[in-house]
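Engineer: have a look; sequence and predicted model below, questions after that.
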Amino acid sequence: MAFLMTFCTLIVNVLCLPLHLIKAVGMYEIYKRFFPICLYRCSIMYNKNMYDKKKELFRSIPEFNKPGGQLTILEIGCGTGTNFEFYPPGCKVICTDPNPHFKKYLKTSMEGNDHLTFEKFLVSSGEDMGSIESETVDVVVCTLVLCSVNNIPQTLQEVRRMLRPGGALFFLEHVVGEPSTWTHFFQHVLQPPWYYFGDGCEVTRDTWKPLEAAGFSKLKLRHMEAPLMFLIKPHIMGHAVK
């Protein structure tokens, strides 16, 4: 199967040569203007299928509020703001995303979630959030983000830097499937076009490994099969405490 997977991936890469060329000459940036529209529609379906899982994941967020203070949540790669409805009332939310074109959809999500206080939206990558002071955040939320950052370990170190002692990272991510399965096979074969469709998304990442190596004092992580299309069925979810 390994040889067949390598051969098929090569064929798909050849078929994707026009897309590789478009990216090489800088024209791919045009797609970033339209990607929020695609993600907005996909996110509605994702939230519908994953509603119970998200509710389960985020219900323990209030446990990480500092005594007598206002809970501060920083969401990395906030996209269209589909997580807002799951956040506890009264908390303060800081949003970041490397794509500035999400701002329009964020505004709509903010207006529809008036149980939250929105502090600001920052255009920044997960690897470099220097505008956020160290140890000032109670909770960091990261859903469907570690699949597209350039450097997962560096992003996780930024998370640890921003979290106050005792704060937590909440994550929900699709990951690579088990070896020798057809999911694993097609994830690798279809990765080249998926990368462009998903604005840098990679379905072949074993994201649980850098999470385990990131140096958190406590990690609660479980693997699951999400009720989604086969390429993104394998998921991990949980939280990590600084």
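Structural biologist: It's in.

Engineer: every contact and neighbour count from this point should use C-alpha atoms.
Structural biologist: Will do.

Engineer: excluding chain neighbours, give the residue nearest to Phe216 in space.
Structural biologist: Lys242 (5.0 Å; Cα to Cα, 6 or more residues apart in numbering).

Engineer: for Cys95, grab phi and psi.
Structural biologist: phi -110, psi 140 (degrees, to the nearest 10).

Engineer: what do you get for Gly166?
Structural biologist: Torsion angles, degrees, to the nearest 10, at Gly166: phi 90, psi -10.

Engineer: residue contacts, it?
Structural biologist: Shown in contact with Gly166 (Cα atoms under 8 Å, 6 or more residues apart in numbering): 64, 138, 241-242.

Engineer: if we only consider these, which is nearest to Thr181?
Structural biologist: Nearest to Thr181, judged by Cα to Cα, of these is Val241 at 32.6 Å.

Engineer: any idea which element the most centrally placed residue in the chain lies in?
Structural biologist: The centre of the chain sits closest to Val145, judged by Cα atoms, centre = their mean, with a distance of 1.9 Å. Assigned by DSSP states H and E, Val145 falls within no helix or strand.

Engineer: what are the ranges of the helices in the protein?
Structural biologist: Counting by DSSP state H, the chain has helices at residues 2-15, 17-24, 29-58, 103-111, 152-162, 182-189, 191-197, 208-212.

Engineer: could those helices go into CSV alongside mean neighbour count and mean pLDDT?
Structural biologist: CSV is the format used below for the helices of the chain (neighbours: other Cα atoms under 10 Å; pLDDT from 0 to 100):
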stretch, mean neighbour count, mean pLDDT
helix 2-15, 14, 90
helix 17-24, 13, 89
helix 29-58, 14, 89
helix 103-111, 15, 86
helix 152-162, 21, 96
helix 182-189, 20, 96
helix 191-197, 18, 94
helix 208-212, 15, 98
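
Engineer: for Ile132, find the nearest of those.
Structural biologist: The nearest among the helices of the chain, by Cα to Cα, is helix 152-162 at 6.8 Å.

Engineer: then that closest one to PDB, C-alphas only?
Structural biologist: C-alpha atoms of helix 152-162 as PDB (Å, rounded to 0.1, in the frame of the first residue of the first chain):
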ATOM      1  CA  ILE A 152       3.000  23.500  15.700                       C
ATOM      2  CA  PRO A 153       5.600  23.400  18.500                       C
ATOM      3  CA  GLN A 154       6.300  27.100  18.200                       C
ATOM      4  CA  THR A 155       2.600  27.800  18.300                       C
ATOM      5  CA  LEU A 156       2.200  25.800  21.400                       C
ATOM      6  CA  GLN A 157       5.100  27.600  23.100                       C
ATOM      7  CA  GLU A 158       3.300  30.900  22.300                       C
ATOM      8  CA  VAL A 159       0.200  29.400  23.900                       C
ATOM      9  CA  ARG A 160       2.100  28.500  27.100                       C
ATOM     10  CA  ARG A 161       3.700  32.000  27.100                       C
ATOM     11  CA  MET A 162       0.400  33.800  27.000                       C
END
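
Engineer: confidence score at the residue lying closest to Pro88 once chain neighbours are set aside?
Structural biologist: Once flanking residues are discounted, Pro88 sits nearest to Pro62: 6.8 Å by Cα to Cα, 6+ apart. As predicted, Pro62 sits at a pLDDT of 95.

Engineer: contacting residues around the closest residue to Ala240 other than its chain neighbours?
Structural biologist: Closest residue in space to Ala240, ignoring its immediate chain neighbours: Leu219 at 4.3 Å, by Cα to Cα, 6+ apart. Neighbour list for Leu219: 212, 238-241 [criterion: Cα under 8 Å, 6+ apart].

Engineer: the residues you listed into a markdown table, with extra columns for distance to Phe197?
Structural biologist: Output for the contacts of Leu219, formatted as a markdown table (distance: Cα to Cα, whole Å):
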| residue | distance to Phe197 |
| --- | --- |
| Glu212 | 29 |
| Gly238 | 27 |
| His239 | 28 |
| Ala240 | 30 |
| Val241 | 33 |
